[in-house]
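>>> Here is a sequence with its predicted model. Questions after.
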Amino acid sequence: MIERHSVACHGIHNARADGHTHYGWDNSIEPILEVEPGAEVFFNVTEASGGVLDASSTAADLSRLDLDVINPVTGPVSIKGARPGQTLVIDILAFGAAEWGWTALIPGFGLLADQFAEPRLKISKVSGNTVDFLGGLRLPVRPFCGTIGLAPAEPGKHSIVPPRVVGGNMDIRHLTAGATLYLPIQVAGALFSVVDSHAAQGDGEVCGTAIESPIDISLRFSLSDRAIKAPEYRLRPGNRILDPVGYHATTGVAPDLMEATRGAVAHMIDYLGAEHGMGAEDAYMLCSVAADLSISEVVDVPNWIVSLHMPLSVFG
């Protein structure tokens, strides 16, 4: 267990996306806000396209996406007294409401990019606790931020796209309200930033996108003297969800984990086509926003097994 410093609440602060976003991790960026340990911060964030896409967009608009400026993170926020070697403790307090979201097949991006070369965009309506996806499939709203992290010690600008040991584009879908995230601090002040809010996602985000939605987030920061080497997180009972109806799972079997993962997803696409009449593109996107990947076996040489679980409740 990570022990925290004793903290006291020092008020609620606001960090807004307008004029306070950046497009890469860089420890030379001046913080937009400095807060005491124990402070709560309300973050206004944009969705991953940074406003390029909206509820009226079509697949033609995907050509305007630039991978160099996606996921414009809000921040950085500096925490007073934070120093390298400590751990930033982030309590995820609450999310705002979502009204819409987008999911896309972006050429050259995603687990099966070699099999899906044409752009495709799906705009979903979010109402209350439900995402209306693909005209009839209903997904539970489970908001979280896919990109959440700290500035690295290495100087210069670093891409937002990959995850890092200081966090970043981790896409851990269980970091919903009530979870606690622990990140290793490498620079003074920690320099925390966040973006990439999702209304729903499956473990793996296999097509490269989730239900990408602009959703505000409230966080509380504290410090721990216990050093960690990579992100850790603590989940409460409500942070993980079991489907009330059950799951259908497909597997991939191969001597390489990536090959097995691709196989599990490809086999689910086949299943959804055969049993539910779905086209391959729609089935691939459904896998990304609803299904969960897991490593089932990694010890029995020479083959490993990866499973993909599709919750049956999405079919009604």
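In hand now; what should we look at?
>>> Show me the shaky parts of the chain.
1-12, 16-19 (pLDDT under 70).
>>> ok, which stretches of it are helices?
Along the chain, counting by DSSP state H, helices occupy 257-276, 280-290.
>>> can you put those helices in JSON lines and add mean neighbour count and distance to V166?
Glycine gets a C-beta too; all of them are placed from N, C-alpha and C. Converted to JSON lines, the helices of the chain look like this (neighbours: other CB atoms under 10 Å; distance: least, CB to CB, whole Å):
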{"stretch": "helix 257-276", "mean neighbour count": "18", "distance to V166": "24"}
{"stretch": "helix 280-290", "mean neighbour count": "24", "distance to V166": "25"}
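>>> Now render those helices as CSV, adding distance to Q86.
Formatted as CSV, the helices of the chain follow (distance: least, CB to CB, whole Å):
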stretch, distance to Q86
helix 257-276, 33
helix 280-290, 35
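>>> so which of those helices comes closest to Q201?
helix 280-290 (5.9 Å; CB to CB).
>>> Check the offset of that closest one from the chain's centre.
16 Å (CA atoms, centre = their mean, to the nearest Å).
>>> returning to what we had before: out of the helices of the chain, which comes closest to I29?
Nearest to I29, of all these, is helix 280-290, at 31.0 Å by CB to CB.
>>> Which strands and helices lie in contact with the closest one?
If you count contacts as 3 or more CB pairs under 8 Å, 6 or more residues apart in numbering; DSSP states H and E, helix 280-290 packs onto strand 100-105, strand 120-127, strand 130-133, strand 137-140, helix 257-276, strand 304-311.
>>> out of the helices of the chain, nearest to A199?
Minimum separation from A199 across those (CB to CB) falls at helix 280-290, 8.9 Å.
>>> As PDB, could you dump the C-alpha coordinates of that closest one?
Presented in PDB, the C-alpha positions along helix 280-290 are these (Å, rounded to 0.1, in the frame of the first residue of the first chain):
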ATOM      1  CA  ALA A 280     -16.600  -6.300 -40.500                       C
ATOM      2  CA  GLU A 281     -16.000  -2.600 -40.000                       C
ATOM      3  CA  ASP A 282     -18.900  -2.200 -37.500                       C
ATOM      4  CA  ALA A 283     -17.800  -5.400 -35.700                       C
ATOM      5  CA  TYR A 284     -14.200  -4.100 -35.400                       C
ATOM      6  CA  MET A 285     -15.400  -0.900 -33.900                       C
ATOM      7  CA  LEU A 286     -17.800  -2.700 -31.500                       C
ATOM      8  CA  CYS A 287     -14.800  -4.800 -30.300                       C
ATOM      9  CA  SER A 288     -12.900  -1.600 -29.500                       C
ATOM     10  CA  VAL A 289     -15.700   0.100 -27.500                       C
ATOM     11  CA  ALA A 290     -17.300  -2.900 -25.700                       C
END
